[in-house]
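S.K.: sequence and predicted structure, then a few things I'm wondering about:
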Amino acid sequence: MAKQTASDANRLSEALAMVTQELANAQDELQQYHQRLTALHRLSDALASSPDEETIIKVLTKGLPPLVDPVMVGVARSQRNRVWIWSDSQNREQEAHVRRYLLRRLGQSLSHDAESSAPPRGCRSRHLRLVPPSASHAPIQEQDSALGQEVPLSLGSEESGLLLVQLKDPVHFTPHEREALETVGAALSLALRYAETHQQARTHALRDPLTDLLNPQAFESALMRELSVGLRYGVPACLLLLDLDFFRIVNDRLGHTAGDQVLKMAADLIRGTVRDSDIVGRYRGNTFAVVLPHTNRQQAHSLAERLRERVERYPFTIEVGQVRTTASIGLAAVPDTTVVSVSEWIMVGNVALNDAKSQGRNRVILHAPKPPGVACALALSCAA
């Protein structure tokens, strides 16, 4: 009887030990679940508050380790043809393989230029490639399970890209990790869509809707930056104001639709003539404005003459026929003793533009700054 009692006590003790261990395991699992859930909420909140795509990708790669332990993360956007690759090593060959795989999965192809271009500055092995759209769309291949876990990026029925997460041993994704990645994919899709919408809104707020050039407000902001540099450091900069001559006749005789087509082609012509560092805007009606940073009067005059000649020779071919026109250009440079504000810079540019028109049009007129003594005397006489 005593032996039976001792045996029962041992079994009960073992059962209690097993229950205690199971409770401890359950508690550990619950704690890990709570930690993953907290990390998931933090990552989702951080993604939602990120203002642009670059920040979103950085937040993603920093926030994933508490959920999974990735050695490589790839994000591909199907509509914008962008691919981001992050890795904890600098194995460029492996990163290129993942990039090609993601593009193949999305039906894209990688051009030689995009493949061979140098990565932009950024975190250690974070690389961003801008991939041009391919004319042909290859069929989506079967998933290469050795690469990692794929999560489609989609909103509703619209697929917008693909998230790929690779572990050291990709076969060992747990159900919890897969579920977490599905949630991350949904949060990432929303964040990328919000960033895209936000960027579009900012672009529309800065751009002229017809020509896609800077609107007057955005252009004046750029003008203020260059003027501030010029006033503080004496760095030269020039402003060109360009009018299409007799443009009102185009609108009156051919209609405003034809006039809009000419304006759009003129905007493209100006963009293609100036340098990459120059800033182009549509200032009003048929008046275009160009600010030339770090450019003296002689350099600006040469560029303005080249621009005038291109407008004169260019056949503006529109739906109703071909339009020929010329351009009058006013040039104002800083430093200039009479220019200490954006409004004054624009004013002297307009003076030069009006001089170009009054002298027969189709010409470039450079505003001649007055010597400091003359400018001071004029200011005093105006005040009197």
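M.R.: Happy to help now that I have it. Residues are numbered from 1 along each chain as shown.
S.K.: can you count the residues close to His198?
M.R.: If you count neighbours by other C-beta atoms under 10 Å, His198 ends up with 12. Every residue, glycine included, has its C-beta placed from N, CA and C.
S.K.: how about the nearest residue to it, chain neighbours excluded?
M.R.: Pro51 (6.5 Å; C-beta to C-beta, 6 or more residues apart in numbering).
S.K.: just His294 next, same as before
M.R.: Closest to His294 by C-beta to C-beta, 6+ apart is Val235, at 6.1 Å.
S.K.: can you give me phi and psi for that neighbour?
M.R.: For Val235, the backbone dihedrals (degrees, to the nearest 10) come out as phi -80, psi 130.
S.K.: give the burial count for the residue nearest to His198, as a bare number.
M.R.: Pro51, neighbours per other C-beta under 10 Å, totals 13.
S.K.: my read: Ala39 touches Ala46, true?
M.R.: No. Counting by C-beta atoms under 8 Å, Ala39 stays clear of Ala46, with 10.4 Å between them.
S.K.: list residues touching both of those two?
M.R.: Gly63 (C-beta atoms under 8 Å, 6 or more residues apart in numbering).
S.K.: need the per-residue pLDDT for the closest residue to Arg308 other than its chain neighbours.
M.R.: Nearest non-adjacent residue to Arg308, counting by C-beta to C-beta, 6+ apart: Ala327, 5.1 Å away. Looking at Ala327, its pLDDT is 98.
S.K.: got the contact list for Ala327?
M.R.: Ala327 neighbours (C-beta under 8 Å, 6+ apart): 242-245, 307-308, 311-312, 362.
S.K.: follow-up on the earlier one: thought Ala195 was touching the residue nearest to His198, still the case?
M.R.: Yes. When contacts are counted by C-beta under 8 Å, Pro51 is listed as touching Ala195 (6.6 Å).
S.K.: in the stretch 101-250 of the chain, which spans are strands?
M.R.: Assigned by DSSP state E, counting those that start in this stretch, the stretch 101-250 of the chain shows strands spanning 127-130, 149-155, 158-166, 237-244.
S.K.: ranges for the helices of the stretch 101-250 of the chain?
M.R.: With helices called from DSSP state H, counting those that start in this stretch, the stretch 101-250 of the chain shows them at 112-116, 175-206, 216-233, 247-254.
S.K.: quick one: closest of the ones you listed to Val339.
M.R.: With C-beta to C-beta as the criterion, Val339 lies closest to helix 216-233 of the helices of the stretch 101-250 of the chain, at 7.5 Å.
S.K.: helices or strands next to the closest one in the packing?
M.R.: helix 175-206, strand 237-244, strand 279-284, strand 287-293, strand 327-334, helix 342-358 (3 or more C-beta pairs under 8 Å, 6 or more residues apart in numbering; DSSP states H and E).
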